[in-house]
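Chemist: Predicted model, plus sequence, below.
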Amino acid sequence: MLNLSAHRRAVLPPETPPVLTVVVDTEEEFDWNQPFSRSNTSTQSIAAQPLAHQRVFDKYGVVPTYVIDWPVVSDPAAVKVLKGLMLQGRCEIGTHLHPWVSPPYEEEVSVFNSYAGNLPKELEDKKLETLTDAIEAAFGVRPIVFKAGRYGVGPHTAETIAKLGYLIDASVVPYTRMTADGGPDFSGHGIDPFWFDAGGKTLLELPATAGYPSSTLPARK
């Protein structure tokens, strides 16, 4: 997990207008209500992704970051679509790890292991390094934005992504606990972006959007 005791709130100058960041989980097609399976690797829907740019993103000047996983980066057709958008300056490419479909395939496929942070450190390292190298080879740029699949960061994730050259993490879901099935506990994390140290480097955390009625929103610390 991320070290809350050492984090420092990231603050823009007061005159800066609101900043919107759009991070899109770009992954294989499967039914979340079904068991996890290594055989679910179809990415055919990505062929239609340019429509989102034509109808929404371009209209509002949004340049999204597509965080992609192994089934996407290993599909030449999906890479062609997303790389075309990237080369046009219409998107950025980051990393999204679904461990059950990302090599090496050494662990049992299970709900607990679907959170990559629950894997042994060496295996999580191998999966992240393999995926990162594949994205760099396919797109010609080293990804710097990481978002854990299922938000599944663990005790070693931050150190690993820092070692691989990532500068931004987007895995935190504010005020949320996922421990019922073995996931992380973000209940102590607020909504503000923050800097944190990992592996001798400083990374930026961009928490996911989370909304609560004002009467129940925890006070900022």
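Modeler: In hand now; what should we look at?
Chemist: Give the buried residues for the helix or strand hosting residue 162.
Modeler: Residue 162 belongs to helix 157-163 when elements are defined using DSSP states H and E. Neighbour counts using 16 or more other CB atoms under 10 Å place 157-162 of helix 157-163 among the buried residues. (C-beta placed from N, C-alpha, C; glycine too.)
Chemist: Likewise for stretch 85-100?
Modeler: Result for stretch 85-100 [16+ other CB under 10 Å]: buried residues 85-86, 90-100.
Chemist: chain center to it, what's the gap?
Modeler: 10 Å (CA atoms, centre = their mean, to the nearest Å).
Chemist: And that stretch, end to end?
Modeler: End-to-end span of stretch 85-100 (CA to CA, to the nearest Å): 28 Å.
Chemist: Number the chain from 199, please
Modeler: That works, and once the first residue is 199, the last one we named lands at stretch 283-298.
Chemist: longest helix of the protein?
Modeler: helix 319-337 (DSSP state H).
Chemist: Which stretches in the protein count as helices?
Modeler: 248-250, 256-258, 268-271, 274-285, 319-337, 355-361.
Chemist: and among the ones you listed, the most buried is which?
Modeler: Scoring these by mean neighbour count under mean count of other CB atoms under 10 Å gives helix 268-271 as the most buried, with a mean of 25.
Chemist: any idea which of the buried residues of helix 355-361 is closest to residue 221?
Modeler: residue 359 (14.7 Å; CB to CB).
Chemist: pretty sure the closest one is in contact with residue 326, am I right?
Modeler: Yes. Here residue 359 reaches residue 326: they are 6.7 Å apart, a contact under CB atoms under 8 Å.
Chemist: so what's the spatially most central residue of the chain up against?
Modeler: By CA atoms, centre = their mean, the mean C-alpha position of the chain lies nearest to residue 345, the distance being 1.3 Å. Contacts were defined as CB atoms under 8 Å, 6 or more residues apart in numbering; by that measure residue 345 touches 221, 223, 265, 292-294, 367-369.
Chemist: and with 6 Å instead?
Modeler: When contacts are counted by CB atoms under 6 Å, 6 or more residues apart in numbering, residue 345 touches 221, 265, 294, 368-369.
Chemist: now residue 294
Modeler: 223, 265-267, 345, 347 are the contacts of residue 294 under CB under 6 Å, 6+ apart.
Chemist: The same query, at a cut-off of 7 Å, please.
Modeler: Contacts were defined as CB atoms under 7 Å, 6 or more residues apart in numbering; by that measure residue 294 touches 223-225, 265-267, 345, 347.
Chemist: That's all I had, so thanks and see you.
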